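[1] got a sequence here, can you model it:
(one chain, ligands or ions: 1)
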Amino acid sequence: MALYEKTAAELSELLGKKEISALELAQDVLARTSAVEDKVQGYVTVTQETALETAKVVDEKRAAGEALSPMAGIPIAVKDNICTKGTLTTCASKMLYNFKPPYNATVVEKLAANNVVITGKANMDEFAMGSSCENSAAHPTYNPHGLNRVPGGSSGGSAAVVAAGEVPLSLGSDTGGSIRQPASFCGVVGLKPTYGAVSRYGLIAFASSLDQIGPFGRSVEDTAMLFDAITGHDPMHDSTSVKTAFEGSVRKNLNPDIKGIKIGLPKEYFGAGVTEEVRRNVMAAAETYRNLGAEVFEISLPLVEYALPVYYILSSAEASSNLARFDGVKYGYRTPNAADDLIELYVKSRSEGFGAEVQRRIMLGTYVLSSGYYDAYYKKARAAQRKIREEFAAAFEKCDVILTPVAPTTAYEIGSKTTNPLEMYAGDVCTVSVNIAGLPALVQPCGFDGNKMPVGMQLIGPRFGEQQLMNTGLAFEQASGLKNLIAAL
Ligand code: GLN
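    Numbers count the residues shown, from 1 in each chain. Take a look at the predicted model:
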C-alpha cells in the first residue's frame, strides 16, 4: 500500500515510530497530486515548495527528540477561504485574485502549532456560495469517483482531494451544508462542528452567524483527530467561540459501543425529492444501528419545510453586508476601466470582480434587508429560525442522535443544474436546518448508487454533541467497513 492510500491515523503511527519521514510522505502525496490533479482539479494553489520545507523541519524536530503532536508531518489541504499568511487566498473569486493575507486564520495557527504540512489551497464555489464547485472563478473540480460529475460544494475541492488520495485530511467550511454535501458526494467523512466550537477568525465571511470551519478525512478517527487540532476557545479573535468540555479529546475518547442510544429518523427528511437509492441506503444504515443495539424510531420535524427559505434569506442578508467591503478601494479587485466617479468605480469593480451567483446573493440580501421588506422577510426568517431551534431542542429530549440523508440525490453530472439556481438551492434541503439551529452534524459514506457513486448519511447531534456523533459514526463505520474509500483514477 502506497503512503497516499493510508489514513492519517496509520501515517501518524508510522511517523511516530520513525518508520517513515514527513518528507517522504509529503513527496508521496505530492506525486499522487501530480498524477491525478489534471483530472480532479481540486486545488486552486498547490504549495509544493513550502510543504517540502515544512516536512523537513518536522523531521528535524523529531530527530532532535522534540515531543510532537500526533498530527506532526501529516499533509493537509486548506479551503481557499481560510487565510494563510503569504499564500494566495482567493475564495475562488476574481475579486481576491491576488490576495495574500498578512496573517493566519486561528485554525491555520493551530495547524502550525501541530506541525502539520499544508499542501495547498482547495477549490470552492466563489465565496462559498454554491453546491457543485461550478461557481469557482478558477475552474470546476471533478468528482474523483466519476469525473463527469460534480464533487458537491462549496467545499468541493477539499472533499475531492481527500477522495482522490491527494491528501489524507483537509479543512472546509460549512454555512448551509458545504462540508457535508461534498463529503457525501465524494464518499468521505466530514464534520460540521457546533457553532462556536471552532474559531472563525481568518475565515473569509459568507454568513457569520452560520459559518463554521470543519474537517474532512477518510475515516471517523481521522476526522476526529483533525477536529481535536482545530477546536477551541479563541477569546482574542472570535467572541462567538466557546470553551468546550471535549476540547482536544474526541479521538482519545472514541467508543463505538452504542448499545441503547436513541436514534431518531425524521420522516420529513425522507420525503418528496429524495431518490429511492438515497432513501434505501440511509434506511439500511438505520437497520445496521438496530442490529448494533441502538433504539431507532421515527420522529417528526415538520418545520424543515421552512428551512430552505429561512436559510436563503438569512445567509444572503448577511452576505450582502459582509461582501460590502470588497469595493476595489478598501479591498479587492479594482476595474482597470475608466470611471467618472467613485460610485462608477464601485459598480464596475464589483460587477467585474464578482461572479453571477455572488451578485445574485448580494441583490437578494439587499432586498430582504431594505426598508419595507425587512419585516416581511428578514424578521420573519429570524422568527422561523427560533422555531426551528426549538423544534430540534424538543427532538433531542427524545433521542440522542438524528439520522437523515445528506442530500436528495447523489453527485449529478457537471452542468446539469447550472441554469436553474432554484433547483441547485433545493439540493440543500437536508443540511441547512443544522446551521440554522447551530448544531453539529457528521457525514460519512453508507453505500453506493447504481452508478457506483457514493451515498452519504448525516448524523445530527445536540449542541456540543460531537463526541456522541463521532462514536455513533465509528460504530457504523466498523460494522459496514465503509472507510478510506479512495477513487481509483
Ligand atoms: N449550498 C449552500 C449555499 O450555496 C451552502 C453553502 C455553504 O455551506 N457555504 O449557500
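
[2] could you measure from the residue nearest to residue 444 when sequence neighbours are not counted over to residue 245?
    The spatially closest residue to residue 444, leaving aside those adjacent along the chain, is residue 189, at 4.5 Å (Cβ to Cβ, 6 or more residues apart in numbering). Quick note: C-beta positions are derived from backbone N, CA and C, even for glycine. Going from residue 189 to residue 245 by Cβ to Cβ, to the nearest Å gives 23 Å.

[3] wait, what's in contact with the residue positioned nearest the centre of the chain?
    By Cα atoms, centre = their mean, the chain has its centre lying nearest to residue 179, at 2.2 Å. Listed by Cβ atoms under 8 Å, 6 or more residues apart in numbering, the contact set of residue 179 reads 155, 158-159, 172-173, 190-192, 214, 216, 443.

[4] quick one: contacts for the residue nearest to residue 444?
    Counted by Cβ under 8 Å, 6+ apart, residue 189 has contacts 183, 216-220, 222-223, 442-445, 473.

[5] what is the burial count for whichever residue of the stretch 251-400 of the chain sits closest to the ligand?
    Here the residue of the stretch 251-400 of the chain nearest the ligand is residue 315; by Cβ to the nearest ligand atom that distance is 5.6 Å. Residues within reach of residue 315, counting by other Cβ atoms under 10 Å, total 28.

[6] what's the answer for residue 234, then?
    Neighbours of residue 234 (other Cβ under 10 Å): 21.

[7] for the residue nearest to the centre of the chain, grab phi and psi.
    Dihedral pair for residue 179: phi -100, psi -40, per degrees, to the nearest 10.

[8] just the pLDDT at it, thanks.
    Reported pLDDT at residue 179 in the predicted model: 98.

[9] just checking, what packs against the lowest-mean-pLDDT helix or strand in the chain?
    None of the helices or strands of the chain scores lower by mean pLDDT, DSSP states H and E than helix 421-426, at a mean of 93. The contact analysis (3 or more Cβ pairs under 8 Å, 6 or more residues apart in numbering; DSSP states H and E) places helix 421-426 against helix 307-322.

[10] how close does the residue nearest to the centre of the chain get to residue 310?
    Plainly put, residue 179 is 20 Å away from residue 310 if you go by Cβ to Cβ.

[11] and residue 39, by the same measure?
    38 Å.

[12] those two: which is more packed in?
    A count of neighbours by other Cβ under 10 Å puts residue 310 above the other of residue 39 and residue 310, at 21 against 13.

[13] residue 430 contacts residue 408, doesn't it?
    Yes. In terms of Cβ atoms under 8 Å, residue 430 counts as a neighbour of residue 408; the distance is 7.0 Å.

[14] what's the pLDDT at the residue located most distally from the centre of the chain?
    Farthest-out residue of the chain from its mean C-alpha position, per Cα atoms, centre = their mean: residue 340, at 42.0 Å. Note for residue 340: predicted pLDDT of 95.

[15] begin at 35, not 1, for the rest of this chat.
    Okay, residue one is now 35; in that scheme the one you just asked about reads as residue 374.

[16] sec struct for it, please.
    Look at residue 374: counting by DSSP: H, G, I helix; E, B strand; the rest coil, its state is coil.

[17] what about it, distance to residue 513?
    Taking Cβ to Cβ, one finds residue 374 at 67 Å from residue 513.

[18] likewise residue 275?
    Residue 275 is 35 Å from residue 513, by Cβ to Cβ.

[19] now do residue 207
    30 Å.

[20] what does residue 444 give?
    22 Å.

[21] now swap in residue 141 and tell me
    In terms of Cβ to Cβ, residue 141 sits 32 Å off from residue 513.

[22] higher neighbour count, those two?
    Between residue 141 and residue 513, residue 141 has the larger neighbour count (other Cβ under 10 Å), namely 28 against 15.

[23] list every C-alpha atom in whichever strand or helix holds that one, with coordinates, as CSV.
    Here residue 141 sits within helix 140-147, counting by DSSP states H and E. The C-alpha trace of helix 140-147 is given here as CSV (Å, rounded to 0.1, in the frame of the first residue of the first chain):
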residue,chain,number,x,y,z
THR,A,140,-6.7,30.8,14.0
VAL,A,141,-7.2,27.3,12.6
VAL,A,142,-4.0,27.7,10.5
GLU,A,143,-2.1,28.9,13.5
LYS,A,144,-3.3,25.8,15.3
LEU,A,145,-2.3,23.5,12.4
ALA,A,146,1.2,25.2,12.5
ALA,A,147,1.4,24.5,16.3
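
[24] show me how far the helix or strand following it is from its chain's centre.
    Counting by DSSP H and E, the next helix or strand C-terminal to helix 140-147 is strand 151-156. Mean C-alpha position of strand 151-156 versus that of the full chain (Cα atoms, centre = their mean, to the nearest Å) differs by 15 Å.

[25] what helices or strands is strand 151-156 leaning on?
    Using 3+ Cβ pairs under 8 Å, 6+ apart, strand 151-156 sits against helix 56-74, strand 77-80, helix 82-97, strand 109-113, helix 190-197.

[26] relative orientation of the last one and strand 151-156 in degrees?
    Looking back up the chat, that one is helix 190-197. 140 degrees (axes from the mean of the first three to the mean of the last three Cα atoms, to 10 degrees).

[27] how about the longest one?
    Helix 56-74 runs at 20 degrees relative to strand 151-156, counting by the same axes, to 10 degrees.

[28] which parts of helix 56-74 are buried?
    The neighbour-count criterion (16 or more other Cβ atoms under 10 Å) identifies 56-57, 59-64, 66-67, 70-71, 74 as the buried residues of helix 56-74.

[29] can you point out the buried residues in stretch 103-113?
    Buried-residue list, stretch 103-113, by 16+ other Cβ under 10 Å: 103-113.

[30] then it to CSV, C-alphas only?
    Provided in CSV are the C-alpha atoms of stretch 103-113 (Å, rounded to 0.1, in the frame of the first residue of the first chain):
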residue,chain,number,x,y,z
SER,A,103,1.6,16.1,18.3
PRO,A,104,0.1,13.1,16.5
MET,A,105,-0.6,15.4,13.6
ALA,A,106,3.0,16.4,13.1
GLY,A,107,4.0,15.7,9.5
ILE,A,108,0.5,14.9,8.3
PRO,A,109,-0.3,16.6,5.0
ILE,A,110,-3.5,18.8,4.9
ALA,A,111,-5.2,20.9,2.3
VAL,A,112,-7.0,24.1,3.3
LYS,A,113,-10.1,25.6,1.7
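
[31] and residue 133, what does it touch?
    122-124, 366.

[32] give me the mean pLDDT for the helix or strand where residue 297 lies.
    Using DSSP H and E, residue 297 sits in strand 296-300. The predicted model assigns strand 296-300 a mean pLDDT of 98.
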